[in-house]
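Asks: Compute the structure for the input listed below.
(one chain, ligands or ions: 2)
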Amino acid sequence: MEKVCSTIMTRKGLPVSNTNFRRCNVSKKVDIDWGKLRFDYMKTDLRYVSIWDNGKWDDGKLVEDNKLTISEASTALHYGQQCFEGLKAYRTKDGSINLFRPDENAKRMAKSCERVLMPEVPVDKFIDACIQVVKANEHYVPPYGSGATLYLRPFVIGIGDNIGVKPAPQFMFCIFCVPVGPYFAGGMAPVNFTTSDFDRAAPYGTGAAKVGGNYAGSMMPHELAVKQGFADCIYLDPATHTKIEEVGAANFFGITKDDVFVTPKSPSILPSITKYSLLHVAEHYLKLKVEERDVLIDNLDEFKEAGACGTAAVITPIGGIQYKGKLHVFHSETEVGPVTKDLYNTLYDIQFGDVEAPEGWIVKVK
Ligand code: PLP
Ligand code: COI
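Replies: Residues are numbered from 1 along each chain as shown. Ligands and ions are numbered 1, 2, ... in the order given. Reported below is the predicted structural model:
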């Protein structure tokens, strides 16, 4: 059957698909060197689009076109009224496909929507859309053992004609997917970070919401860090600059000399699903003590190992952190510490279905 899913526009400027996704033929093979994938964009076959208008979401559909046509006056373009999510699909040994905790992404996206006055996408609709996108692009789900995964990028944007600083008249919820490899160049090899004098969020701003403005503000500090030879920068708490908040677009964890898994607690960091999963894995699988609390930048000596964690970053071991011109090295700049390795292996095995997951963590796509 031919592919006939291109997007057309209504008079209101709202996109509609000219056919239902079920007619699309997606049973093709792709020629990808899975092991060489980095965290880069690649157009895949079909993406999901749903429109909120007159107080409700439509049923949504899969479309071929990866271009969105929206009003020039969309709030997403001018006032940053938007948010996004990131989650992954994992190919298991038996060829089935796992989503990891998509309900948590759905709930976090609902909170981000609430923070910037956008309508929430119901959890069921979010998960159903994720499943549709993975199924429709199944041949882009990397094979088991390649280390690569299919990254899903859901987002909600304010669209429609509007000029004042107020919520948009319509909204669009989309999900596209991209096969990806490691986010940081080292993958599971340690990389160094430097602290930044800039903040990614204000003390009671939007740091805990996954809204684009936080990331626009992080591009310059990121680039400055990379120019100095670091993988990314570490953000300190915006009020006092004495505590670690985030590691670029990932959360921080440290392992103390007496084997406590520690991760920062703050109203201005993103509540990372990976971080909360690692808190559980550390406590219940590795039998470590865990603490969510302040992490003082002047007290890095308390940690024998440290890492960045997130959906894209997975677990990236931190070799060292530069602060006030001095590089503090944890376990090693070249070797992964044993606790970090255990955390990584356990999380990896849960996500790829090799170790039993806590109830509700895995949603089967097929
Ligand atoms: N912190 C920031 C700023 C992020 O962008 C992300 C990525 O989503 C994370 C932390 C990690 O969150 P999660 O583990 O839910 O992907
Ligand atoms: C993720 O880990 O899903 C993120 O959102 C990081 C991203 C900004 C690259």
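
Asks: Tell me which residue in the stretch 151-300 of the chain sits closest to ligand 2.
Replies: Residue nearest to ligand 2 within the stretch 151-300 of the chain: A249 (3.8 Å; Cβ to the nearest ligand atom). Placement of C-beta: from N, CA and C, glycine included.

Asks: what sits against that residue?
Replies: Neighbouring residues of A249 by Cβ atoms under 8 Å, 6 or more residues apart in numbering: 183, 215, 218, 232, 310, 312-313.

Asks: Let's see if you can find the most crowded of those.
Replies: D232 (26 neighbours; other Cβ atoms under 10 Å).

Asks: And that residue, how close does it get to N66?
Replies: According to Cβ to Cβ, to the nearest Å, D232 stands 27 Å off from N66.

Asks: mind listing the helices in the stretch 1-150 of the chain by residue range?
Replies: Applying DSSP state H, counting those that start in this stretch to the stretch 1-150 of the chain gives helices spanning 75-78, 102-115, 123-136.

Asks: Any chance of those helices in JSON lines with mean neighbour count as columns?
Replies: JSON lines is the format used below for those (neighbours: other Cβ atoms under 10 Å):
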{"stretch": "helix 75-78", "mean neighbour count": "20"}
{"stretch": "helix 102-115", "mean neighbour count": "20"}
{"stretch": "helix 123-136", "mean neighbour count": "19"}
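
Asks: Quick one: closest of the ones you listed to ligand 2.
Replies: Among the helices of the stretch 1-150 of the chain, helix 102-115 comes nearest to ligand 2, with 8.8 Å by Cβ to the nearest ligand atom.

Asks: can I get the CA coordinates of the closest one in PDB?
Replies: Taking C-alpha atoms only, helix 102-115 is exported to PDB below (Å, rounded to 0.1, in the frame of the first residue of the first chain):
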ATOM      1  CA  PRO A 102       6.200   6.500  30.100                       C
ATOM      2  CA  ASP A 103       3.600   7.300  32.700                       C
ATOM      3  CA  GLU A 104       6.200   9.300  34.600                       C
ATOM      4  CA  ASN A 105       7.000  11.300  31.500                       C
ATOM      5  CA  ALA A 106       3.300  11.900  30.900                       C
ATOM      6  CA  LYS A 107       2.900  13.100  34.500                       C
ATOM      7  CA  ARG A 108       5.900  15.400  34.300                       C
ATOM      8  CA  MET A 109       4.700  16.800  31.000                       C
ATOM      9  CA  ALA A 110       1.300  17.500  32.600                       C
ATOM     10  CA  LYS A 111       3.100  19.500  35.300                       C
ATOM     11  CA  SER A 112       5.200  21.400  32.700                       C
ATOM     12  CA  CYS A 113       1.900  22.200  30.800                       C
ATOM     13  CA  GLU A 114       0.300  23.400  34.000                       C
ATOM     14  CA  ARG A 115       3.300  25.700  34.800                       C
END
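
Asks: Off-centre distance for it?
Replies: Offset of helix 102-115 from its chain centre (Cα atoms, centre = their mean, to the nearest Å): 12 Å.

Asks: how many degrees apart are that helix and helix 123-136 in direction?
Replies: Orientation check (axes from the mean of the first three to the mean of the last three Cα atoms, to 10 degrees): helix 102-115 against helix 123-136 gives 120 degrees.

Asks: For Q170, give its distance to Y151.
Replies: When Q170 is compared with Y151 (using Cβ to Cβ), they lie 27 Å apart.

Asks: for this structure, what's the longest helix?
Replies: Ranked by number of residues, the top helix in the chain under DSSP state H is helix 212-227.
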